[in-house]
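In: Sequence first, predicted model second:
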Amino acid sequence: MKAVPGSNQFWTRVVPVVVLVYLVWDWLWLPIRFFNQMAFFLFVGIICNFLFKLSPPKNPPTDWQGVAVGHRGVRLELNSGIPENTIESLTYAFDNGAEAVEIDVILTKDNIPVVIHDDNINRLLEGEGFVSQMTFEELRKFPYRHASPTVQIPTLDDVLELIKSRGKKILVEIKPVPQGTDILCKQVAEKLKKYDLVYKSVVISFNPIALYLVRTMDPEIRTCLLFKHDMISTIAKSPKFAITIPSFLSPVTAVLDWILYTSCTTFLPGFLGCSMVGPCVDYVSQHYMDAWIESGYVVYIWVVNEKHRRDHLLERKASVAFDFFN
């Protein structure tokens, strides 16, 4: 396996700390095992946040500084008939000033990477069902709602061909897939290389494992860790996940949210060898912006639809995603 920037740092610095702290904590053992484990993770999070600082990225994508990004092409275009994550929406974004676009990729039943945000077609297409349970041919039988019947769900190949022909940049988000994250990561890495877009692209994800896998497959691929403050609480409340957490344990998920968010804003991007950090706009602070920029990261902020705020962040050399162009 090829060396991965950031991976050696992870194994040699984080794992020993976690193991040592766990052994000590297990020896102390609190009476209530569940809260003992929660306290352990809190303790480890605190230790890591004190011991580890932001690591400079191995290959900073300075060409992404101050880049206007079309979120899913155009997600909330005022003109009807342009569904998000389609060739039409990406083309519209480029024609109206976008320097790059962001797309979402998941797998069909026959492992074809297609560009769609949701894991089902209910919101966007005239039908119901999960993308992972349909073949690509079955999926293409469903037209988009409120759009021309000629508009079809694109494959990743379709989109990368457009990017290459237009000479633009792209952010490719790896979404959760039941077939296995490694299968999707391998396809994304191979296709970026196939279309000679490794240096015109950044792979983004909320899933640290996906970013780690992509870097092991091709260390030249640049990655960006996405995060927001309430990710674990959101998962705990979502009907999509088979997780039931009693309401009286909500403080526990709040603590885990804090640990994860603080990790994402400090040491985790460096451990994963990320070149960019991707915070939600609602949780961007001046302190973190300064720390990331000083450490050499390019900051990708999503999603900013207020023009004055968007212009300010672009002036600060952040890449900024927004939903519509006018």
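Out: Looks like it arrived, so ask away.
In: Let me see the contact set for Ile103.
Out: Arg72, Gly73, Asn85, Leu90, Val115, Val159, Ile170, Leu171, Val172, Glu173 (C-beta atoms under 8 Å, 6 or more residues apart in numbering). From N, CA and C alone the C-beta is placed, and that goes for glycine too.
In: what do you get if the cut-off is 10 Å, keeping everything else the same?
Out: 70-73, 84-86, 89-90, 115-117, 154, 156, 159-160, 163, 170-173, 204 (C-beta atoms under 10 Å, 6 or more residues apart in numbering).
In: Of those, which belong to strands?
Out: Counted as lying in strands by DSSP state E, out of the contacts of Ile103, are Gly70, His71, Val115, Ile170, Leu171, Val172, Glu173, Ile204.
In: distance of the last one from Asp290?
Out: In this case it means Ile204. 22 Å (C-beta to C-beta, to the nearest Å).
In: And the fifth one, by the same measure?
Out: As for Leu171, its distance to Asp290 is 23 Å (criterion: C-beta to C-beta).
In: Among the two, which residue is more densely surrounded?
Out: Between Leu171 and Asp290, Leu171 has the larger neighbour count (other C-beta atoms under 10 Å), namely 26 against 11.
In: who's that one bridged to?
Out: For Leu171, the beta-bridge partners under DSSP bridges are Glu102, Val202.
In: My guess is it contacts Val188. True?
Out: No - at 11.6 Å, Leu171 does not count as touching Val188 under the criterion of C-beta atoms under 10 Å.
In: Which pLDDT value goes with the residue nearest the centre of the chain?
Out: Central residue of the chain (C-alpha atoms, centre = their mean): Ser205, 2.2 Å from the mean position. Note for Ser205: predicted pLDDT of 96.
In: show me the contacts for the closest residue to it other than its chain neighbours.
Out: Of all residues not flanking Ser205 in the chain, Ile174 sits nearest, at 4.4 Å (C-beta to C-beta, 6 or more residues apart in numbering). Going by C-beta under 10 Å, 6+ apart, Ile174 touches 104-106, 113, 181, 184-185, 187-188, 203-207, 209-211, 213-214, 223, 226.
In: Mind checking which of the residues you listed are buried?
Out: Using 16 or more other C-beta atoms under 10 Å as the burial test, the contacts of Ile174 include 104-106, 113, 181, 184-185, 187-188, 203-207, 210-211, 213-214, 223, 226 as buried.
In: Give me the subset of those residues that lies in helices.
Out: Residues of the buried ones among the contacts of Ile174 located in helices (DSSP state H): Thr181, Leu184, Cys185, Gln187, Val188, Ala210, Leu211, Leu213, Val214.
In: Can you name the two of these that sit furthest apart?
Out: Gln187 and Leu211 (15.2 Å; C-beta to C-beta).
In: Check whether Asn96 really touches Leu90, as I assumed.
Out: No - taking contacts as C-beta under 10 Å, Asn96 lies outside contact range of Leu90: 11.1 Å.
In: Which secondary structure elements does the host helix or strand of Val277 sit against?
Out: With elements taken from DSSP states H and E, the one containing Val277 is strand 276-279. Contacts defined by 3 or more C-beta pairs under 10 Å, 6 or more residues apart in numbering; DSSP states H and E place strand 276-279 against strand 169-174, strand 201-205, strand 223-227, helix 250-265, helix 268-271, helix 286-294, strand 298-301, strand 319-322.
In: what's the distance between the first one and the middle of its chain?
Out: Between the mean C-alpha point of strand 169-174 and the mean C-alpha point of its chain there is a distance of 9 Å (C-alpha atoms, centre = their mean, to the nearest Å).
In: cool, stretch 96-105 as well?
Out: 14 Å.
In: Ok, stretch 319-326 next?
Out: So, by C-alpha atoms, centre = their mean, the centroid of stretch 319-326 is 17 Å from its chain's centroid.
In: what about His287, neighbour count?
Out: Neighbour number of His287 under other C-beta under 10 Å is 9.
In: Could you report the separation of it from Leu225?
Out: 18 Å.
In: re the thing from before, ok now do the residue nearest to the centre of the chain, which residues does it touch?
Out: Counting by C-beta under 10 Å, 6+ apart, Ser205 has contacts 105, 172-176, 181, 184-185, 188, 211-214, 223-226, 278.
In: how near is it to Leu171?
Out: 10 Å.
In: Need the residues touching each of those two.
Out: In contact with both Ser205 and Leu171: Cys224, Leu226, Gly278, using C-beta under 10 Å, 6+ apart.
In: For Pro178, which non-adjacent residue is spatially closest?
Out: Ser132 (5.1 Å).
In: Relative to Ile116, how far out is that neighbour?
Out: For Ser132 relative to Ile116 (C-beta to C-beta), the value is 11 Å.
In: So which elements touch the helix or strand hosting Lys191?
Out: Secondary structure from DSSP H and E places Lys191 in helix 181-194. Applying 3+ C-beta pairs under 10 Å, 6+ apart, we find helix 181-194 packed against strand 100-107, strand 113-115, helix 156-166, strand 169-174, strand 201-205, helix 208-217.
In: Please name the residues that touch the residue nearest to Glu315 when sequence neighbours are not counted.
Out: Take Glu315 and drop its neighbours on the chain: the residue closest to it by C-beta to C-beta, 6+ apart is Gly66, 7.4 Å away. Each residue near Gly66 by C-beta under 10 Å, 6+ apart is listed here: Glu99, Val298, Leu313, Leu314, Glu315, Arg316, Lys317, Ala318, Ser319, Val320.
In: Alright, that wraps it up for me.
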